[in-house]
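Participant: next one to model:
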Amino acid sequence: MIFRYPSYCDKFRCTADKCSDNCCIGWEIDIDSGTLAYYQGISGTFGKRLKENIADGCFVLDENERCPFLNSRNLCDIFTELGEEHLCRICTDHPRYFEWFGDVKEGGAGLCCEEAARLILSNDFAIAEKTVPDEDCDECDEELFSFLVSARSAIISHLQTDSFTEAFCGMLDFAEELQYRIDNGEYSLPEFRQVTEPKTPDIQGIIRFLAELEPIDENWKPYAERCAAMADEVTGEVPEHKPYMRKLAIYFIFRYFLKGTFDGEILSRVKLAAVSAWAIGYFWRCGLHEKGALTFEDMAQTAKNFSKEVEYSEENLDTLADAFYDEEIFSTERLTALFKN
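Facilitator: Numbers count the residues shown, from 1 in each chain. Got it, this is the predicted structure:
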């Protein structure tokens with residue numbers, strides 16, 4: 001089968017003990033059934049330690065929410081004792097993500113990892129592909145899949161080449177029309193236009209909505225609320241941030257857009273890309289306002305923190321998907337205004 005992925009992923013290497021936000025801390029770590037069976041068969045002192053620190057198919061986190069096999073140097077004892085090949089699936093894959101579409105597999109590195117965030121922000125996007133062994137997966141609607149691949153390519157090209165305002169406004173209008181056509185069984189690509197008359201954006205409303213999502217980090221809500229209160233002080237985009245915001249939007253489009261193959265839903269996923277890129281840019285402006293300067297590392301950490309709170313909670317993704325239709329602050333007209341103003 002064909003495996004497609006952003007070419008920058010070839011550069012990804014886990015920074016292990018050098019990571020400032022270890023993925024073995026604060027996350028529930030599920031163990032796949034095959035690996036769990038292997039762990040249960042391990043004897044000796046380490047086998048006893050495994051059995052004592054696994055419950056209900058998960059590692060039992062300690063009082064500091066650390067994986068019990070994350071040692072004092074922030075390295076994995078399972079890796080050291082049993083070898084990389086015996087890590088559970090989630091520990092092997094993270095922060096990589098994968099999706100299967102018949103005989104095509106796609107994947108990448110998730111923004112919630114700080115090293116992945118650095119790569120996403122610092123590299124131009126291009127798709128690489130290679131042949132990999134076939135994997136069992138469900139069939140998909142090949143006609144819709146092929147159509148959405150073309151639509152995604154058009155959106156990414158638009159984000160890469162058009163002016164900043166036209167890139168984002170055109171993408172939102174394109175998605176609105178594209179959703180209408182898909183709903184009516186018409187598989188043809190609309191043109192990129194800006195016919196939507198923008199309305200006044202509700203910046204505070206959007207940030208406060210994000211603040212109310214189910215938090216992964218207890219610091220998220222007070223941070224987002226503090227940034228919402230700055231709305232009148234941080235107006236206007238920072239020109240130096242715009243290339244990075246484009247890259248963020250492309251990341252979200254590449255990762256989520258083709259999921260529409262399974263449910264026909266693309267508008268909410270395009271809004272996710274637009275809102276995420278804009279919101280991260282807004283948080284950057286807040287950081288610049290507070291600190292007076294913002295480093296690339298600051299920007300990568302902010303993007304990573306946003307991703308953790310939004311992308312890595314299915315509940316939060318579902319809440320946003322509904323809100324993109326139900327809440328006026330997320331209407332196409334108001335979102336368009338975020339980029340026009």
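
Participant: so where's the stretch 1-150 of the chain shaky on pLDDT?
Facilitator: Filtered on pLDDT under 70, the stretch 1-150 of the chain yields the residue ranges 15-17.

Participant: relative to its centroid, which residue of the protein is most remote?
Facilitator: Distance from the centre of the chain peaks at Gly44, with 40.5 Å (CA atoms, centre = their mean).

Participant: run through the helices of the stretch 101-250 of the chain in chain order.
Facilitator: Assigned by DSSP state H, counting those that start in this stretch, the stretch 101-250 of the chain shows helices spanning 114-122, 142-161, 164-183, 203-211, 220-228, 242-256.

Participant: between those helices, which gets nearest to Arg66?
Facilitator: Closest to Arg66 of these, according to CB to CB: helix 114-122, at 17.7 Å. For the C-beta atoms, the positions are set from N, CA and C on the backbone; glycine is no exception.

Participant: gap between the closest one and the chain center?
Facilitator: Relative to its parent chain, helix 114-122 has a centroid offset of 12 Å by CA atoms, centre = their mean, to the nearest Å.

Participant: packing partners of it?
Facilitator: The contact analysis (3 or more CB pairs under 8 Å, 6 or more residues apart in numbering; DSSP states H and E) places helix 114-122 against strand 104-109, helix 242-256, helix 296-310.

Participant: repeat that for 7 Å
Facilitator: helix 242-256, helix 296-310 (3 or more CB pairs under 7 Å, 6 or more residues apart in numbering; DSSP states H and E).

Participant: can you redo the ones you listed as a markdown table with mean neighbour count and mean pLDDT?
Facilitator: What follows is these, written out as a markdown table (neighbours: other CB atoms under 10 Å; pLDDT from 0 to 100):
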| stretch | mean neighbour count | mean pLDDT |
| --- | --- | --- |
| helix 242-256 | 22 | 98 |
| helix 296-310 | 21 | 96 |
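
Participant: out of those, flag the one nearest Pro133.
Facilitator: Nearest to Pro133, of the helices and strands packed on helix 114-122 and by CB to CB, is helix 242-256 at 23.0 Å.

Participant: compare the helices and strands packed on helix 114-122 and give me the one nearest Asp183.
Facilitator: helix 242-256 (18.5 Å).

Participant: okay, the angle between the closest one and helix 164-183?
Facilitator: Computed by axes from the mean of the first three to the mean of the last three CA atoms, to 10 degrees, the angle separating helix 242-256 from helix 164-183 equals 20 degrees.
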